[in-house]
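Asker: this one's structure only:
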């Protein structure tokens, strides 16, 4: 059983259970940052971004793979970190992020939405 870090932008917080179920049904252990860091407490209003991202990176350290479910600045930083650690990265953006086209243009990326394995 692999431990999968579920990289998800804040705007998809309503899909936490759906994402964790998706990972678990495939026989893996989901690690979702919003379960570890509930948004009502660990928002940018309460803590600075760097401190929140440090905790997220620690969760990536614990994982075997990173799967990305939506595009956001934090998610893109998490991918860079996972790739630096040479962890496998898979994209499920098209299945979970209905605004993926808008955000891929905003962040000027397309490589993570066109393939499953990155």
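Answerer: Nice, thanks for sending it over. This one's a predicted model, so the numbers in the text were calculated from it and none came from an experiment.
Asker: residues touching the closest residue to residue 1 other than its chain neighbours, list them.
Answerer: The shortest distance from residue 1 to any non-neighbouring residue, by Cβ to Cβ, 6 or more residues apart in numbering, is to residue 29 (5.5 Å). Quick note: C-beta positions are derived from backbone N, CA and C, even for glycine. Neighbour list for residue 29: 1-4, 23 [criterion: Cβ atoms under 8 Å, 6 or more residues apart in numbering].
Asker: please report how far residue 29 lies from residue 95.
Answerer: Going from residue 29 to residue 95 by Cβ to Cβ, to the nearest Å gives 20 Å.
Asker: do residue 101 as well
Answerer: Using Cβ to Cβ, one obtains 14 Å as the distance from residue 101 to residue 95.
Asker: repeat that for residue 9.
Answerer: Per Cβ to Cβ, residue 9 is found 15 Å from residue 95.
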